[in-house]
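1. got a sequence here, can you model it:
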Amino acid sequence: MSHLSERPEKPVVGVSMPHESAYQHVTGSALYTDDLVQRTKDVLHAYPVQVMKAHGRITALRTGRALEVPGVVRVLTGADVPGVNDAGMKHDEPLFPDVVMFHGHAVAWVLGETLEAARLGAAAVEVELDELPSVLSLEEAIATESFHGARPVMVSGDVDAGFADSAHVFSGEFQFSDQEHFYLETHAALAHIDESEQIFVQSSTQHPSETQEIVAHVLGLHSHEVTVQCLRMGGGFGGKEMQPHGFAAVAALGAKLTGRPVRLRLNRTQDLTMSGKRHGFHAKWKIGFDTEGRIQALDATLTSDGGWSLDLSEPVTARALCHIDNTYWIPNARVAGRIARTNKVSNTAFRGFGGPQGMLVIEDIMGRCAPLLGLDPTELRERNFYGQGQTTPYGQKVTHPERISAVWEQVKENGGLEERRREIAAFNAAHPHTKRGLALTGIKFGISFNLTAFNQGGALVLIYKDGSVLINHGGTEMGQGLHTKMLQVAATTLGIPLHKVRLAPTRTDKVPNTSATAASAGADLNGAAVKNACEQLRERLVQVAATQLGTSAADVRIVEGVARGLGIEKELGWDDLVRTAYFQRVQLSAAGFYRTEGLHWDAKSFHGSPFKYFSYGAAAAEVEVDGFTGAYRIRRVDIVHDVGDSLSPMIDIGQVEGGFVQGAGWLTLEDMRWDTSDGPGRGRLLTQAASTYKLPSFSEMPEEFHVTLLENATEEGAVYGSKAVGEPPLMLAFSVREALRAAAAAFGPGGVSVELASPATPEAVYWAVEKARSGEDLCELADAEVLTGA
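-> Alright, predicted model coming up:
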């Protein structure tokens, strides 16, 4: 076992414990960025001047009337920017734009003594616009060839030969919706400036170092003149990876120009109308199977809706391509990706980062093709699982492919699927207007940033004379439990009780040049860095202990806060050991660092090994559908998920449950609607409140919900043998969508291919049921088979 994976005696990792801030969360004492306003004197409030048109060039911007509003202090415009007027890493996102690119685009910001004064001032700003044509849908973008950014192509094998050798060839198209993050805490920033013109920004950000970088270049400063801190976030889900930077920069610019603290917090409507979403996708595909139902070739084009600027659309699209295989070996593949440029908010990272979109395409294909091949969907999926020695279409060897079948079979056993299928068949035969469906789906998700340089982490660990320990690391806490795991890693590595360790908020002046807390890599990168720092300190203390105990340093063990030598009775308590080390002038602080080894990626050839390992999981979902309305309920879900050797089982199970429910929301409930008419509201987000945008609630939770972590699953080369957990569980919700497909098909004759919209709202399910009842194939798949002579 590798040094990084090996666990010492009596580790604190692997022990179930509550979230480190759970008490503060439930009592309301946890502080978030905007809570700090009440503790800050003379704060100014920022409010956006939004233009409610989808596209147009600004011909006049008049701020005079706003300055006449009582309480208005200043109006910020592009003329005030001392540095670079841009908030994006691609330099395509003007902070104060000359061209309105989406409905609700902020073109100026008003600073007021109160939020109400700032709001009234923003309403008084006059903006004249020369309206321009707008592109609002993927269909429009494809038709007009409105694209931007890279257009990668992933090729493996001989695709034409693969189709020639196929007994069955099917083709189709599939378009699915974007998704709103709807984190509980909206975007927020609070900026201060000190007597030496240093900027300090409190920001609700997943990427403090990049927020620091953007603030610095907007203000024309160096990074060492800007410090960014993130206390915690009330949810992020990827929506706070890139998009907080501009809001922090506005607050910082206001602070620099007025000399006063500036607070910026979006209300819910502003957050919904100004911030990016999960990318919606359009897929056009063709797939070939042999006589046994094994995939021979895939040719597909994936088009993502990037919105008005690139943001993270290029890596999101790349990851979609890298995950279109999911758990299936595709020997011959040609998959192209492109990014549509539309006059909508700039879509961004969202839990899974393109992976769910790519995987949804292949799962939809499998669900639609199975009946046309005369196979049960479960059987079709099993026949195509990866095996030993097989590689992905981008050239990476699939490690531990046996776990794909292991989690699959365990779900079958835990859920009693064979018996339940018989029960469902009997129920469906007896109930003509209500049907049940059961589906089993799996996942394979690559862990690491596609861009190799981002796969690094840092930490700073301090031991004080009294034996207490303070850790800083580059990861941010958004409720996912990262800080809890880091506390457990530090306590385990030092060999001390958990209560000895405290964690400080994430700050750029403690750990520099950090990567975003994203890609499910937060615990891998920062945990390894914390472990590295603690190992340096432990090694120094072991030398001190060896002298005090009269033994060799190699024979000293620190367990549960006591240093002992092998074979001797004498012992030394942790506090005494630290105090002794101090008086011997031993350094009691250490900077830790980690870089993920073994990664390489060529973005041009779209080939390499971008991922450290793969996470696996499987889920079975049972649903019941009302044939009159399409309404449904989730009766039961069984999940087995691979997290390696869990660092914190209670945290991991919570992440699996939460990820699954969020995925089910994306696939079944969350239906974003935009005004695509030619009227005055063109481009307006219609679902801009919880009243019109339906989120999963307790009523959508499975009536029975069983989550099991795969046992004996140590991951070599990862911190204490663990695996990432943040993103992969979201894709387990494919099982719900496939169960709905099965239930809809049960209303019709056997062998019908059911096309199901995504999200599969009750309305969408109703129309699928109606088509199934008519016995129609809902796409041109069957025709494609006939055309090939299969």
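2. any idea how many residues pack against residue 469?
-> By other Cβ atoms under 10 Å, the residues close to residue 469 number 22. (Each C-beta comes from the backbone N, C-alpha and C, glycine too.)
3. any idea what it is bridged to?
-> Per DSSP bridges, the residues bridged to residue 469 are residue 463, residue 501.
4. need the contact list for it.
-> 461-463, 490, 494, 496, 500-502 (Cβ atoms under 8 Å, 6 or more residues apart in numbering).
5. let me know the closest of these to residue 273.
-> Set against residue 273, the nearest of the contacts of residue 469 by Cβ to Cβ is residue 502 (39.5 Å).
6. hmm, that closest one is touching residue 470, no?
-> Yes - here residue 502 reaches residue 470: they are 5.4 Å apart, a contact under Cβ atoms under 8 Å.
7. tell me if I'm right that residue 228 and residue 207 touch.
-> No - counting by Cβ under 8 Å, residue 207 is not a contact partner of residue 228; they are 9.2 Å apart.
8. more neighbours, these two?
-> Legend: neighbour count by other Cβ under 10 Å for residue 228 and residue 207, higher for residue 228 (31 against 28).
9. for that one, which three-state class applies?
-> Using DSSP: H, G, I helix; E, B strand; the rest coil, the structure places residue 228 in strand.
10. contacting residues around it?
-> By Cβ under 8 Å, 6+ apart, residue 228 lies in contact with 200-203, 205, 208-209, 211-212, 215, 248, 507-508.
11. how close does it get to residue 507?
-> 7 Å (Cβ to Cβ, to the nearest Å).
12. who touches both of those two?
-> residue 208.
13. tell me which residue lies nearest the centroid of the protein.
-> For the chain, the residue nearest the mean C-alpha position is residue 351 (2.0 Å; Cα atoms, centre = their mean).
14. thinking it is in contact with residue 665, fair?
-> No - Residue 351 lies out of contact with residue 665 (Cβ under 8 Å); the separation is 11.0 Å.
15. host element of residue 360?
-> If you go by DSSP states H and E, residue 360 is part of helix 355-369.
16. packing partners for that helix?
-> If you count contacts as 3 or more Cβ pairs under 8 Å, 6 or more residues apart in numbering; DSSP states H and E, helix 355-369 packs onto strand 168-176, strand 281-289, strand 295-307, helix 313-322, helix 377-383, strand 434-447, helix 649-668, helix 734-745.
17. if we go to 7 Å?
-> With contacts taken as 3 or more Cβ pairs under 7 Å, 6 or more residues apart in numbering; DSSP states H and E, helix 355-369 sits against strand 168-176, strand 281-289, strand 295-307, helix 313-322, helix 377-383, strand 434-447, helix 734-745.
18. most tightly packed of the ones you listed?
-> Highest mean neighbour count of the helices and strands packed on helix 355-369: helix 734-745, a mean of 29 (counted as mean count of other Cβ atoms under 10 Å).
19. on the pLDDT front, check the residue lying farthest from the centre of the chain for me.
-> Relative to the centre of the chain, the most outlying C-alpha is that of residue 550, 51.4 Å out, by Cα atoms, centre = their mean. Predicted confidence (pLDDT) for residue 550: 96.
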